[in-house]
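A.B. asks: Task: produce atomic coordinates for the following.
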Amino acid sequence: ADWEPTYDPDLAYISIEMYARSKRIEFNWMVRFLSNELERDLTPRHLEVAKEVMRTKCLVGLLSEKGETFMRLERYFGWTYPNRQ
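C.D. replies: Now for the predicted structure:
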């Protein structure tokens, strides 16, 4: 996506495996993002913060469990359907 600010034409033709083996790969990017620690070394505390964010701020649903997922969404958002059986 050459319109994105992070676009790098050097990466246009490499495979995911090549990228994963390169020095460009990000280490624990989700923990970094959720704990707001983008540069320094991570500690177990950063993992705990990230897990707490996931526990308190994220609602997870599974495509393989659509019925349960939609019931969870309905309860969370307070959705009601007057003609539902």
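
A.B. asks: Dump the helix-or-strand element of the chain with minimal mean pLDDT to CSV, keeping only the CA atoms.
C.D. replies: In the chain, no helix or strand scores lower on mean pLDDT, DSSP states H and E than helix 16-21, which sits at a mean of 86. C-alpha atoms of helix 16-21 as CSV (Å, rounded to 0.1, in the frame of the first residue of the first chain):
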residue,chain,number,x,y,z
ILE,A,16,6.6,-13.1,4.9
GLU,A,17,9.2,-15.7,5.9
MET,A,18,12.0,-13.4,4.6
TYR,A,19,10.5,-10.5,6.6
ALA,A,20,10.2,-12.6,9.7
ARG,A,21,13.9,-13.5,9.5
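
A.B. asks: Against which helices or strands is the following helix or strand past that helix packed?
C.D. replies: For helix 16-21, the following helix or strand on the C-terminal side (DSSP states H and E) is helix 29-35. Applying 3 or more Cβ pairs under 8 Å, 6 or more residues apart in numbering; DSSP states H and E, one finds that helix 29-35 contacts helix 44-57. C-beta: built from backbone N, CA, C; applies to glycine.

A.B. asks: Buried residues, the helix it packs on. List them.
C.D. replies: Neighbour-count burial for helix 44-57, counted by 16 or more other Cβ atoms under 10 Å, picks out 46, 49, 50, 53.
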